[in-house]
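Undergrad: The sequence and its predicted three-dimensional model are supplied below.
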Amino acid sequence: MRLRKRGVALLTLAVVAGLYGAIRVGEISAKRIMHPAPTALDLADARARAANPQWWTAEPAPSPQPLATASLPDTPPPPAPVQRTLVVSPGDTLMDLLRRAGVTSADAQDAIDAIRAVFDPRSIRPGNALTVTFGPDDSDSATPPKLIKVSLPLDSTRTVEVRRDATDGFDASNVAQPLAHELVRAQGTIRSSLYEDGIAAGIPAPILSEMIHAFSYDVDFQREIKPGDRFEAAFTRYVDGQGRVAKSGPLVYASLVLAGRRLSVYRFQPKGGVADYFNAKGESVRKALLRTPIDGARITSGYGMRLHPILGYTVMHKGVDFGAPTGTPIMAAGAGVVQMAGLSGNYGIYIRVKHNSEYSTAYAHMSRIAAGIHVGTRVRQGEVIGYVGQTGLATGPHLYYEVLVDGKQINPLSVRLPTGVKLAGTELKTFDRDKIEVDRELASLPSAATKTARANF
């Protein structure tokens with residue numbers, strides 16, 4: 001019995017030692033996670049389990065408990081700047097608008113002083129929208145909100161801004177609005193007039209006027225335009241980020257088909273020169289003289305013998321009458337120097353312009369002469385020199401127009417006018433290459449379609 005008891009005791013100590021060694025190995029493999037050393041109670045429990053293994057059952061490890069976290073209060077977002085927008089009404093000044101928006105008198109004056117560097121504050125127009133930005137609103141403070149920025153869009157391409165700088169002063173600047181450009185093609189058939197049908201086809205009025213002016217050197221719009229004739233125009237159109245049309249122009253290409261005869265013009269800028277319109281051969285459409293020096297008029301009396309409506313007998317009519325409302329602008333048919341300007345007998349208010357050693361033009365029955373026009377004034381082709389009237393011997397408002405060659409009147413409608421610039425050499429090759437590219441782009445565009453425009457046109 002003693003030997004058996006001693007064996008049991010030794011076995012128990014071995015089990016305890018093994019368990020303790022296993023615990024130590026677990027400590028080392030767990031990267032030195034320390035456990036408390038076994039107590040006398042632990043050793044006694046181990047002996048009991050060894051002596052009565054049938055009593056022992058494994059206990060599940062306790063589930064890990066989630067770490068407690070402190071509940072943090074929600075952080076409110078920082079206060080946002082405050083914006084106020086006002087629309088300019090008739091009679092408003094910039095000071096009125098800023099004060100109405102809540103800007104202090106001192107800040108308003110400083111902002112206006114700054115804006116004068118880039119914009120005249122007196123130039124604001126009814127309908128302009130003024131946006132004023134203040135710093136965050138602090139309702140608990142007795143101090144008024146701080147002015148941060150003033151923004152005034154002038155048109156779709158330009159905005160004037162005034163910002164508070166680091167020194168608490170104000171800086172003004174012009175901010176250009178980014179625009180995309182595209183090529184637009186429009187075409188149609190003349191039923192009433194080129195102007196009305198062009199507008200109906202989607203050609204903006206300024207582009208249409210540019211087109212008419214380009215053809216006015218070769219086309220008599222009163223006699224040569226007939227119903228059934230066709231027209232086409234291609235022009236650049238600029239749109240903003242929202243796809244809204246900001247502006248249109250210039251005219252890139254135009255054509256007229258008159259009684260089956262096609263006339264085409266292309267916009268081209270020679271190296272070192274200004275952009276102008278050329279026909280398909282590279283010849284400038286600009287002639288020494290305009291065919292008609294007035295827009296939208298009708299021929300009421302041509303060149304030749306006629307019964308004078310006032311004198312009552314047949315006389316030679318040495319010019320052309322263009323009927324138009326009083327006040328219609330009259331343009332110089334060509335560049336030159338004013339030789340006569342004032343009253344001249346039956347001609348009424350009269351101007352004569354000398355263009356070169358051979359050609360002169362005369363304009364009569366005007367209501368008045370344009371400001372700045374007098375004898376010796378150098379005028380440009382197309383410059384307004386006077387306005388339609390019925391002064392002198394006239395039965396109604398109209399322009400009497402003469403073309404003189406070596407001092408003698410000739411028929412303004414049949415005179416062969418000298419041509420302008422003719423491209424040659426490298427310039428002609430460049431023009432031909434660009435013309436082919438424009439024709440190719442137009443061929444790919446259906447009417448009223450758009451495409452990105454070329455940079456050099």
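TA: Cool, the structure landed. Residues are numbered from 1 along each chain as shown.
Undergrad: Let me see the domain layout of the protein.
TA: 82-176, 179-287+421-457, 298-410 (automatic domain parsing).
Undergrad: And the last one, end to end?
TA: Which is domain 298-410. 20 Å (C-alpha to C-alpha, to the nearest Å).
Undergrad: Can I get the strand or helix carrying Ile148 as CSV, trimmed to CA atoms?
TA: Assigned by DSSP states H and E, Ile148 belongs to strand 147-153. Taking Å, rounded to 0.1, in the frame of the first residue of the first chain, the C-alpha atoms of strand 147-153 are listed here in CSV:
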residue,chain,number,x,y,z
LEU,A,147,-18.0,91.4,-46.8
ILE,A,148,-15.9,88.8,-48.6
LYS,A,149,-16.7,89.1,-52.4
VAL,A,150,-18.8,91.1,-54.9
SER,A,151,-19.6,89.4,-58.3
LEU,A,152,-21.2,91.2,-61.2
PRO,A,153,-21.6,89.2,-64.5
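Undergrad: for it, packing partners?
TA: Contact here means 3 or more C-beta pairs under 8 Å, 6 or more residues apart in numbering; DSSP states H and E; on that basis strand 147-153 packs against helix 105-115, strand 129-134, strand 158-164. C-betas here are computed from N, CA, C, even on glycine.
Undergrad: on that earlier part again, kindly reformat the domains of the chain as JSON lines containing distance to Pro76 and mean pLDDT.
TA: Output for these, formatted as JSON lines (distance: least, C-beta to C-beta, whole Å; pLDDT from 0 to 100):
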{"stretch": "domain 82-176", "distance to Pro76": "12", "mean pLDDT": "88"}
{"stretch": "domain 179-287+421-457", "distance to Pro76": "33", "mean pLDDT": "86"}
{"stretch": "domain 298-410", "distance to Pro76": "65", "mean pLDDT": "89"}
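Undergrad: Take the ones you listed and lay them out in a markdown table including mean neighbour count.
TA: Shown next, in a markdown table, are the domains of the chain (neighbours: other C-beta atoms under 10 Å):
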| stretch | mean neighbour count |
| --- | --- |
| domain 82-176 | 15 |
| domain 179-287+421-457 | 16 |
| domain 298-410 | 17 |
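Undergrad: do you know which of these lies nearest Thr75?
TA: domain 82-176 (15.7 Å; C-beta to C-beta).
Undergrad: Endpoints of that closest one, how far apart?
TA: End-to-end for domain 82-176, by C-alpha to C-alpha: 24 Å.
Undergrad: still on that earlier bit, could you dump the helices and strands packed on strand 147-153 to TSV with distance to Ile203?
TA: Below are the helices and strands packed on strand 147-153 laid out as TSV (distance: least, C-beta to C-beta, whole Å):
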stretch	distance to Ile203
helix 105-115	37
strand 129-134	30
strand 158-164	25
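Undergrad: Distance from the chain centre to stretch 159-173, please.
TA: Averaging C-alpha positions (C-alpha atoms, centre = their mean, to the nearest Å) puts stretch 159-173 24 Å from its chain's average.
Undergrad: that older thread, distance to Thr75 added to the domains of the chain, as JSON lines?
TA: Shown next, in JSON lines, are those (distance: least, C-beta to C-beta, whole Å):
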{"stretch": "domain 82-176", "distance to Thr75": "16"}
{"stretch": "domain 179-287+421-457", "distance to Thr75": "35"}
{"stretch": "domain 298-410", "distance to Thr75": "68"}
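Undergrad: which stretches of the protein form helices?
TA: Assigned by DSSP state H, the helices in the chain fall at 2-29, 40-51, 94-101, 105-115, 194-200, 205-215, 425-443.
Undergrad: now the nearest residue to Pro153 once chain neighbours are set aside: how far from Leu179?
TA: Among residues not flanking Pro153 along the chain, Thr159 sits closest, at 4.6 Å (C-beta to C-beta, 6 or more residues apart in numbering). Per C-beta to C-beta, to the nearest Å, Thr159 is found 13 Å from Leu179.
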